[in-house]
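Asks: When you get a sec, could you give me coordinates for this:
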Amino acid sequence: MNAMLTSAAAASHAFAALAFLLLAVLLLTSWRRRLHKTALLLACLATGAWAGTTAIAAAMGMARVPLTDVLEVLRGASWSFFLLIVLGQMRKDRAGEAVAGGISIAGVGVFYTVLLGATVWLYIDPKFAAGGGAFLAVIVGRVGIAVLNMLLVEQLYRNTARDARWGIKYACLGIGGMCAFDFYLYSDAMLFRHISAEIWATRGLINALTVPLIAVSAARNPRWSAEIAVSRAMIFHSATVFGAAVYLIAMAAAGYYLRLFGGSWGTVMQVTFLFAAVILLLTLLFSGSARAWLKVFISKHFYSYRYDYRDEWIRFTRALSDAGPDLNERSVQAIAKLMESPSGILYLRNEETGCCEAATHWNMPPAQHAEPMAGHLCRYLETTQWVIDLQEFAASPEKYDGLVLPPWLAVNTAAWLVVPLLLGGRLFGMVVLGRPRSAIKLNWEAIDLLKIAGTQAASYLAQRESQNALAVARQFESYTRMSTFIVHDLKNLIAQLSLMLANAERHKDNPAFQADMLETVGYSVQKMRLLLQKLARGPATESPAHVMLGEVLQQAIQGKSAGELKPILELESPHLAVLADPARLERVIGHLIQNAIEATPRGGSVRVRLRREGENGLVEVQDTGHGMSEEFIRDKLFRPFESTKAAGMGIGTFESRTYIRMLGGDIDVESAPNAGTTFRIRLPVHRVEAMEMAAA
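Replies: Modelled structure (predicted):
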């Protein structure tokens, strides 16, 4: 082998060693203790070691050394076992179960053990090495390695689902390409009884070209590696060195052409140009602005971020939404956890006082002060939406554009960060975090994470406030609705008493009228006492009971019989029972009877019937009054605050239908102008009726 091919072989294999060792370093920086990744890492290390020792041997002018031959066998074995592991054919039974293509783990192990032993024996026994058969045996063994690995690559690709092949196709192409080249190299050696120096010299470059393909698959395929992540410092220094190397090569080429075409001034121009280029490079390397720009550029476009955002966001959202301590404290803890901070204070906006007041504290002394929303700190946070680093502010206050800290924050030596809680562009509050347990450098990634976390926490806190306000509004609504119904009932009682007073002057000497009057007054007093008790208790949950409809109708009619027009009760099925609140059901039916009485002129009639209709009890309230139009029934009858009466509130009919439907029944109306009205109430009959009838 001539000197030129020897140098080419040394450079070629050195380049391959560097490429595989770089891939191994990349895999090490994202270590996850996965079996697939461990096998890939060992394969890269074995290939790098083989290529490195081959390059050293070639540089020393030695065609073969024992270590390179042993490492070549180990290289092939590492790729074989990696492919077997990826195929998922590692069995619990180590006896050697069959895998894809009829290959077995144990068989592969025996094959490489025999081949490695033969390689070592080749250097131990000179007589064995002297024969031509030894060379042929070694070559055949290496052809066998190439064929085995190509078969495994084919099995891997064929047995992978079609939609998952995008993750392994480049690795199959790279590893298969290496094996195919080895097959070509050693097949040629078998044919011509010697290894071609030209093909052998090219082998290192061929192996190096497969590294990017394997790296792409390692980054794509989560079974091999979740990600290829490199520290910022390593990428920064690597990019600096690589960029400087490219720059120097370009400048050297430019200087060469200046010397070539510069005539008598060529050498002068070349030296001057190269000196200026080196000075420019050193200026860039020591420039803080250039270094900062490069760091940000690498972090945004090449760096695998410090945070696993999926896990962080799931944890953060769960901390805010799950049951636990007060939401205020959970919000402080969730934001502090992002920065490994052990303490914090939450301040929330109070619209009544116009200040940002301390809502809770966690591992920090309770705050006894409030920050005005119109103050400098709150206006600064709302305008800039910045996270304030108090350490950075103390060292370089000019970076914060004239920010003036309030005294309570300036003297707080435990405070580290001020995180704004923004909602819709407005400041909803802020979180003051304590110093972290270990030093953390606040960069753009951490600041962005804190901003979005602050916005998320503000939305949860605002939702909590909205829910509290809604609960209070519902309580007021409940009281308002209850008072409205009570006023409506009082109006009916007043109407009855007024009617009685109107007739008292004519019938005051009538004993029957006096008895009805006393009974009506007693009934009205009893109803008003019940209303006052209910008003004092406030809204309460009703307790349904078994109610006999016949008894409810008798009580309702009894309370409406003080006037000249007395309703007529017809009980066809007197033992129908329903599940309802007796007082409210009587009030609902009594309202319909009262409306019928008021709508019926003198000489008319009001009839109340009770009968059974299938599984329902049917109550009919029929009058011969002025009636209602179809349009009024459809659009206004059951709508609250709509009434045909001058002093009416339009609540009674709405409440009646609402309550009847709550009981599982319904109410319908049949009416026409000047033809009277019939209300029909259907209520499901309760089973207690059958039991009572059987007992009777």
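
Asks: mind checking how far whichever helix or strand A512 is part of is from the chain centre?
Replies: Secondary structure from DSSP states H and E places A512 in helix 511-537. Offset of helix 511-537 from its chain centre (Cα atoms, centre = their mean, to the nearest Å): 61 Å.

Asks: Ok, stretch 617-625 next?
Replies: So, by Cα atoms, centre = their mean, the centroid of stretch 617-625 is 58 Å from its chain's centroid.

Asks: cool, and stretch 107-117?
Replies: 51 Å.

Asks: Buried residues, that stretch. List them.
Replies: V108, F111, Y112, L115, L116 (16 or more other Cβ atoms under 10 Å). Where C-beta positions appear, they are placed from N, C-alpha and C, glycine not excepted.

Asks: now swap in stretch 276-283 and tell me
Replies: For stretch 276-283, by 16+ other Cβ under 10 Å, it's A277.

Asks: Name the single longest helix found in this protein.
Replies: Using DSSP state H, we find that the single longest helix of the chain is helix 444-507.

Asks: could you check the angle helix 511-537 makes with that helix?
Replies: 170 degrees (axes from the mean of the first three to the mean of the last three Cα atoms, to 10 degrees).

Asks: Please identify the residue most distant from the middle of the protein.
Replies: Farthest-out residue of the chain from its mean C-alpha position, per Cα atoms, centre = their mean: D509, at 81.9 Å.

Asks: And the helices in the stretch 301-450 of the chain?
Replies: 309-321, 327-338, 376-384, 390-395, 407-410, 444-507 (DSSP state H, counting those that start in this stretch).

Asks: Deepest-packed of the ones you listed, please.
Replies: Mean neighbour count (mean count of other Cβ atoms under 10 Å) peaks for helix 327-338 among these, with a mean of 21.

Asks: So which other helices or strands are in contact with it?
Replies: For helix 327-338, the elements it packs on are helix 309-321, strand 344-350, strand 355-362, strand 426-434, helix 444-507, judged by 3 or more Cβ pairs under 8 Å, 6 or more residues apart in numbering; DSSP states H and E.

Asks: Minimum distance to L409: which of those has it?
Replies: Smallest distance to L409 across the helices and strands packed on helix 327-338 (Cβ to Cβ): 7.2 Å, for strand 426-434.

Asks: got the buried residues for the closest one?
Replies: L427, F428, G429, M430, V431, V432, L433, G434.

Asks: Check stretch 580-599 too.
Replies: Under 16+ other Cβ under 10 Å, the buried positions of stretch 580-599 are 580-581, 583-599.

Asks: Counting only strands, which of those make the cut?
Replies: A580 (DSSP state E).

Asks: And for G617, the neighbour number?
Replies: 23 (other Cβ atoms under 10 Å).

Asks: hey, what's it bridged with?
Replies: R612, L683 (DSSP bridges).

Asks: Please tell me how far it sits from L663.
Replies: 11 Å (Cβ to Cβ, to the nearest Å).

Asks: T678 too?
Replies: 20 Å.

Asks: So those two - more neighbours on which side?
Replies: More neighbours surround L663 than the other of T678 and L663, with 20 against 17 (other Cβ under 10 Å).

Asks: Quick check: can you list the domain ranges of this protein?
Replies: 3-229, 234-301, 309-463, 542-695 (automatic domain parsing).

Asks: Helices of the stretch 1-150 of the chain, residue ranges please.
Replies: For the stretch 1-150 of the chain, the helices defined by DSSP H, counting those that start in this stretch occupy 3-29, 35-59, 66-86, 105-124, 126-130, 132-159.

Asks: least reliable of those helices going by mean pLDDT?
Replies: Note on these: helix 126-130 shows the lowest mean pLDDT, a mean of 54.

Asks: State the next helix or strand along the chain beyond the helix holding A512.
Replies: strand 545-548.

Asks: which helices and strands does that next one pack with?
Replies: Looks like strand 545-548 contacts strand 577-580, helix 582-599 (3+ Cβ pairs under 8 Å, 6+ apart).

Asks: Just give me the closest of the buried residues of stretch 107-117 to I335.
Replies: Nearest to I335 among those is V108, at 53.6 Å by Cβ to Cβ.
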